[in-house]
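Student: dropping a prediction and its sequence here:
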Amino acid sequence: MENRPALNQKEREKFEVLIKKHGYSDFKWIDPRNIIVAQWVRMKCMFGCGGYGENACCPPNLPSVIECERFFQEYNQAIIFRFAKKLDNPDERHAWSRKVNLKLLKLEREVFFSGYERAFLLFMDSCNICAECVGEKDKCNEPKMARPSPEGMAVDVYSTVKQLGFPIEVRTDYSQEMNRYAFLMIQ
């Protein structure tokens with residue numbers, strides 16, 4: 001498949017108008033070759049996440065780390081969106097993430113219909129479109145809306161966003177603000 005050249009400044013400005021129309025202002029462009037994919041991220045999913053294997057859009061239901069890395073090489077533009085939030089109750093994160101991710105899907109759809117058929121969103125959190133996930137990709141109740149997170153695709157979000165000057169730190173307690181990141185891949 002033929003690759004398009006990277007977006008020029010005029011095309012980027014057109015996208016930025018669209019992005020701002022959707023209410024987003026905290027975002028940066030990145031060359032997907034600078035998205036850091038690492039095996040340790042997958043290991044943290046496998047051995048650090050209590051939901052491992054329970055979500056159709058999380059490992060082990062996703063491509064291998066090598067396939068994830070290859071996926072990012074097929075793109076020449078990406079936008080990283082930052083979402084900062086402080087929640088009193090950590091369980092509120094899922095409702096907030098769901099709302100943000102559903103809104104981001106509308107943006108992805110609009111980018112797709114503007115002629116960028118490869119537009120692909122990586123949610124800012126694990127897919128929680130459904131109240132309860134069936135846990136298997138082939139049985140997903142919302143296959144057109146389901147998306148993986150950057151971490152699910154083995155992205156070292158910490159190192160990747162720090163390159164752009166975005167803030168990100170490990171939270172040591174729930175009173176601290178979260179910095180969550182979604183990626184919109186464009187080709």
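Tutor: Done, it's in.

Student: quick one: buried residues of the strand or helix carrying V100?
Tutor: Taking DSSP states H and E as the definition, V100 sits inside helix 93-113. Using 16 or more other C-beta atoms under 10 Å as the test for burial, helix 93-113 gives R93, W96, S97, R98, V100, N101, L104, L105, L107, E108, E110, V111. (Glycine included, C-beta is placed from N, CA and C.)

Student: do the same with stretch 57-64
Tutor: For stretch 57-64, a neighbour-count test (16+ other C-beta under 10 Å) marks C57, C58, P59, N61, L62 as buried.

Student: ditto for stretch 65-78
Tutor: Neighbour-count burial for stretch 65-78, with 16+ other C-beta under 10 Å as criterion, is recorded at V65, C68, E69, F71, F72, Y75, N76, Q77, A78.

Student: in the helix or strand bottoming out on mean pLDDT in the chain, which residues are buried?
Tutor: Here the helix or strand of the chain ranked lowest by mean pLDDT, DSSP states H and E is helix 9-21, holding a mean of 92. Neighbour counts over helix 9-21 (16+ other C-beta under 10 Å) mark R12, F15, I19 as buried.

Student: partner residues bridging the residue nearest the centre of the chain?
Tutor: In the chain, the centroid-proximal residue (C-alpha atoms, centre = their mean) is L122; its distance is 2.6 Å. Going by DSSP bridges, L122 is paired in beta bridges with F183.

Student: and it, how far from A78?
Tutor: For L122, the distance to A78 equals 9 Å [C-beta to C-beta, to the nearest Å].

Student: for the two, list the residues in contact with both.
Tutor: F183, L184, M185 (C-beta atoms under 8 Å, 6 or more residues apart in numbering).

Student: element containing P143, please.
Tutor: Here P143 sits in a region with no helix or strand, counting by DSSP H and E.

Student: so what's it up against?
Tutor: Residues in contact with P143 (C-beta under 8 Å, 6+ apart) are K137.

Student: next: S126.
Tutor: Contacts for S126 were tallied using C-beta under 8 Å, 6+ apart; they are G51, N55, C57, C58, S97, S149, G152.

Student: assign it to helix, strand or coil.
Tutor: Under DSSP: H, G, I helix; E, B strand; the rest coil, the three-state class of S126 is coil.
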